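**Q** Could you work out the structure for the sequence below:
(chains A and B)
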Amino acid sequence: MNAHQSVGIVMIEDDEGHARLIEKNIRRAGILNDIKHFTDGNQALHFLFEAPDGPARNGPALVLLDLNLPDMSGTDILARIKDEGSPLKRTPVVVLTTTDDKVEIQRCYDLGCNVYITKPVNYESFAQAIRQLGLFLSVIQVPEVEDQ
Amino acid sequence: MLATIRNRFVVSQGRFGRVILSFMLVGFLALIAAGIAAAWATARNQDHARAVVHTYEVELSIATARRLIEQAEASRRGYLLTANREYRDAYRRWAAEMPGAIGRLGRLTQDNPNQRANLAALRRALDTLFAARTQSIAMVDRGRMTEAMILFYQEASVRRMTAIRSTFDRMAAEERRLLATRDEAQRQSLQAFYVILAVAGVLLVLVMIASLLTVMRYTRDLARSRDALRRFNEQLEETVAERTADLSRANEEIQRFAYIVSHDLRSPLVNVMGFTAELSAATTPLAELVDRAETECPGIVTEEARLAAREDLPEAIGFIRTSTQKMDRLINAILKLSREGRRVITPERIDPAAVAETIEASIRHVLDDRGVTLTVRRPMPTLTTDRVAIEQILSNLIENASKYLQPGRPGQITVSGEERRGRVLLSVADNGRGIDPRDHQRIFDLFRRSGQQDQPGEGIGLAHVRALAYRLGGTIEVESTLREGSTFRLNLPKTFEAQDIKP
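**A** Numbering: from 1, shown residues only, chains lettered A, B, ... in the order given. Now for the predicted structure:
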């Protein structure tokens, strides 16, 4: 990832355990960027769009998004981020969820999700997938957020 | 409700038939009675007419006889006065007709004792009269006029004539009386005829009205029951549609439930497995540490720490892993079943024999390893249904058959099929170890297995098979004897028809 800029990783994941495992494995892949974790959609949206240190006001970001959230569906957050006129519409979003339903996957890509990953139940595969995601994150370019 | 309607309908129809028949019978009887009465009345009328004619004949005969007597008397008297032979000849002519006239009167009044008595009296009077006349005429013939006149004076002929006339009057009166009696009888019979006719007419009108009412009531009943039937039919359709909608809603609810549960169960499982792996990874450096401490500084390693690092921790982690793996498999099974329920069925023409042969080819090495021979008996009826479902059903059944063999007997599996009234029956028969009759239903339940647990498996295959069979609008059942073999019969519609009504 663009090392000279501070690209923040925003992780929206209601399950603390999953969040911890994801973070651990990303770190193992050598990613040192700041990871902000939110367990519900409203806080996450507030941070993304309104917080002074959030991505909309302050630098580029990458979003790791779980679809099953207690207060709203992850697809709603995805839609808000990718909405026409949203300052974050070019922000890469990685959907990371347990659902492997075809319709759900299609819907996410239609809404503009950049990567869709199903969490494997098998931990080894899961860990490997996350590490590979970490490697992926280390090479992709993240666009600048447009000035308001 | 249907049965009640039909019964009421049938009963009403039968009763209606009987009622109408009896009405028609009564009507016919009334008509016949009227006819008989008319015939009887006509006969009576004719009788009466004959009687009237008879009376007039009798009266005519009486009048004729009287005229003859009076004329004869007049002629005789003329002869007595004038001795003119023409008078005598005239007298003889009248007298000669007399017996004929009396005889006819006798014939006509033969049936009446009163008249016969009258006639007898008349005959006697006439005999006397004619004897006297003959005598007086004979005297005149011989020229003894005076003697004849004397005889005539003595004769008291006026009295005799009066008696004869009154006899005739009696006879005429008798006939008049008879006629009056007959008239009365005729009037009565006519009256009886009219009464019968009126009764028959009233009866006919009543029968007509009653029949009309019955027919109208029957028609009304018929219309009512038809309406009821139609209403019931509509209700039935509505009810069926409602129930079907309810069912599919319930079914979808279950599918969604299974899907959500399996997904939401997976989420914590990821944690359990993930952190177990972390624990496992952490155990390795710990064990190394214990090993190193043991060699470098044995005093600080307690027995407990050594056991914990080398045995307790790996053992606990191992159990957690196998359990979570099993749980994962079970959840996957539920997920698979729930997905199967959501999968869209795409019917196409399928030859089950070809499907079975494809399966045989794909698991040939497994069959050979187990020493199992598979026979696909042709011809097999084709059917129009979902190919994937049929493949999964048959491969599950064939795999099961090849798995559970009777020890010491090479396995033989036969796949056959037949068509029966729009259904296709596919059978997979084996000579394996068989299934306990108590388990014949249980084996189709999820996670349930039967017999010795010496083969890997979670008890998912047959549950899956049954779910698929139901999905295709079919059924599956098993026939089996322990240690002899099992036959699974799949009963499917020849052509798949979508039954789901989306709410």
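
**Q** what's the helix or strand encompassing B:V428 in contact with?
**A** Using DSSP states H and E, B:V428 sits within strand B:423-430. For strand B:423-430, contacts defined as Cβ atoms under 8 Å, 6 or more residues apart in numbering or on different chains pick out B:352, B:380-381, B:383, B:394, B:397-398, B:401-402, B:404, B:411-419, B:474, B:485-494. Placement of C-beta: from N, CA and C, glycine included.

**Q** Could you pick out the buried ones from the residues you listed?
**A** Restricting these to buried positions leaves B:352, B:380-381, B:383, B:394, B:397-398, B:401-402, B:404, B:411-417, B:474, B:485-488, B:490-493, with burial counted as 16 or more other Cβ atoms under 10 Å in any protein chain shown.

**Q** Now narrow those to whatever sits close to chain A.
**A** When those are checked against chain A using Cβ under 8 Å from any Cβ of the partner chain, none falls in range.

**Q** Could you list every helix and strand in contact with the helix or strand that the strand holding B:V428 is followed by?
**A** Per DSSP H and E, the first helix or strand lying C-terminal to strand B:423-430 is helix B:461-471. Under the contact criterion of 3 or more Cβ pairs under 8 Å, 6 or more residues apart in numbering or on different chains; DSSP states H and E, helix B:461-471 touches helix B:313-342, helix B:387-403, strand B:475-481, strand B:485-493.

**Q** my guess is B:V58 meets B:L105, correct?
**A** Yes. Using Cβ atoms under 8 Å, B:V58 is in contact with B:L105, at 7.0 Å.

**Q** Where do the domain boundaries of chain B fall?
**A** B:2-221, B:248-341, B:344-493 (automatic domain parsing).

**Q** who in chain B is up against chain A?
**A** Checking chain B against chain A by Cβ under 8 Å from any Cβ, the hits are B:263-264, B:266-271, B:273-278, B:328, B:331-332.

**Q** Derive a ChimeraX selection command for the buried subset of these.
**A** Buried members of the residues of chain B next to chain A, defined by 16+ other Cβ under 10 Å, are picked up in ChimeraX with:
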select /B:263,266,267,269,270,271,273,274,275,276,277,328,331
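
**Q** Now tabulate the domains of chain B in a markdown table and tack on mean pLDDT.
**A** As requested, these are arranged in a markdown table below (pLDDT from 0 to 100):
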| stretch | mean pLDDT |
| --- | --- |
| domain B:2-221 | 82 |
| domain B:248-341 | 84 |
| domain B:344-493 | 90 |
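
**Q** Show me what B:E479 is bridged to.
**A** B:T487 (DSSP bridges).

**Q** neighbours around it, how many?
**A** By other Cβ atoms under 10 Å in any protein chain shown, the residues close to B:E479 number 14.

**Q** looking at it, it is touching B:S486, isn't it?
**A** Yes. Checked against Cβ under 8 Å, the pair B:E479 and B:S486 is within contact range at 7.1 Å.

**Q** Find the closest residue to chain B in chain A.
**A** A:G17 (3.3 Å; Cβ to the nearest Cβ).

**Q** in which helix or strand would I find that residue?
**A** Going by DSSP H and E, A:G17 is part of helix A:16-28.

**Q** ok, now A:I9?
**A** Using DSSP H and E, A:I9 maps to strand A:8-12.

**Q** That strand - which strands sit beside it in the sheet, and in what orientation?
**A** Strand pairing (DSSP bridges) places strand A:8-12 next to strand A:35-38 (parallel), strand A:61-65 (parallel).

**Q** got the angle for it vs helix A:16-28?
**A** Counting by axes from the mean of the first three to the mean of the last three Cα atoms, to 10 degrees, strand A:8-12 lies at 150 degrees to helix A:16-28.

**Q** and strand A:8-12, how far from the chain's centre?
**A** For strand A:8-12, the separation from the chain centroid amounts to 5 Å (computed by Cα atoms, centre = their mean, to the nearest Å).

**Q** what comes up buried for the strand holding B:V428?
**A** Neighbour counts over strand B:423-430 (16+ other Cβ under 10 Å) mark B:R423, B:V424, B:L426, B:S427, B:V428, B:A429, B:D430 as buried.

**Q** Tell me who's in contact with the residue nearest to B:A125 when sequence neighbours are not counted.
**A** Leaving out its chain neighbours, the residue that sits closest to B:A125 by Cβ to Cβ, 6 or more residues apart in numbering or on different chains is B:I164, at 5.1 Å. Contact analysis of B:I164 by Cβ under 8 Å, 6+ apart lists B:I69, B:L122, B:A125, B:L126, B:L129.

**Q** neighbours of the first one, just the number please.
**A** Which is B:I69. 24.

**Q** Quick one: list the elements packing against the helix or strand hosting it.
**A** Per DSSP H and E: B:I69 is located in helix B:2-82. With contacts taken as 3+ Cβ pairs under 8 Å, 6+ apart, helix B:2-82 sits against helix B:85-108, helix B:113-141, helix B:145-154, helix B:157-296.

**Q** what angle sits between it and helix B:85-108?
**A** Counting by the same axes, to 10 degrees, helix B:2-82 lies at 160 degrees to helix B:85-108.

**Q** how far is helix B:2-82 from where the chain is centred?
**A** Centroid separation for helix B:2-82 versus its chain: 49 Å, with Cα atoms, centre = their mean.

**Q** Please apply the same query to stretch B:187-203.
**A** Distance, centroid of stretch B:187-203 to centroid of chain: 43 Å (Cα atoms, centre = their mean).

**Q** buried sites along that stretch?
**A** Neighbour-count burial for stretch B:187-203, counted by 16+ other Cβ under 10 Å, picks out B:S189, B:F193, B:I196, B:A200, B:L203.

**Q** do the same with stretch A:36-47
**A** In terms of neighbour count (16+ other Cβ under 10 Å), stretch A:36-47 has its buried residues at A:K36, A:H37, A:F38, A:T39, A:G41, A:A44, A:L45, A:F47.

**Q** Look up which helix or strand the residue nearest to the third one when sequence neighbours are not counted falls in, please.
**A** Leaving aside its chain neighbours, A:F38 sits nearest to A:A44 (3.8 Å; criterion: Cβ to Cβ, 6+ apart). Assigned by DSSP H and E, A:A44 belongs to helix A:41-49.

**Q** Which strands or helices does that helix pack on?
**A** Against helix A:41-49 (3+ Cβ pairs under 8 Å, 6+ apart) you get strand A:8-12, strand A:35-38, helix A:74-82.

**Q** count of residues packed around the nearest residue to B:L108 once chain neighbours are set aside?
**A** Take B:L108 and drop its neighbours on the chain: the residue closest to it by Cβ to Cβ, 6+ apart is B:V58, 4.9 Å away. B:V58 is flanked by 23 other residues according to other Cβ under 10 Å.

**Q** Identify the residues contacting B:V58.
**A** Contacts of B:V58 (Cβ under 8 Å, 6+ apart): B:L105, B:L108, B:T109, B:Q115, B:M171, B:E175.

**Q** which of the residues you listed lies closest to chain A?
**A** B:E175 (123.4 Å).

**Q** Might you report the residue contacts of the closest one?
**A** Counting by Cβ under 8 Å, 6+ apart, B:E175 touches B:T55, B:V58, B:E59, B:I62, B:Q115.

**Q** One more: B:P314?
**A** B:S280, B:T283.

**Q** swap the cut-off to 7 Å and go again
**A** B:T283 (Cβ atoms under 7 Å, 6 or more residues apart in numbering or on different chains).

**Q** Check A:G30 too.
**A** A:G134, A:S138.

**Q** Repeat that for B:N271.
**A** The neighbours of B:N271, taking Cβ under 7 Å, 6+ apart as the test, are A:D15, A:G17, A:H18.
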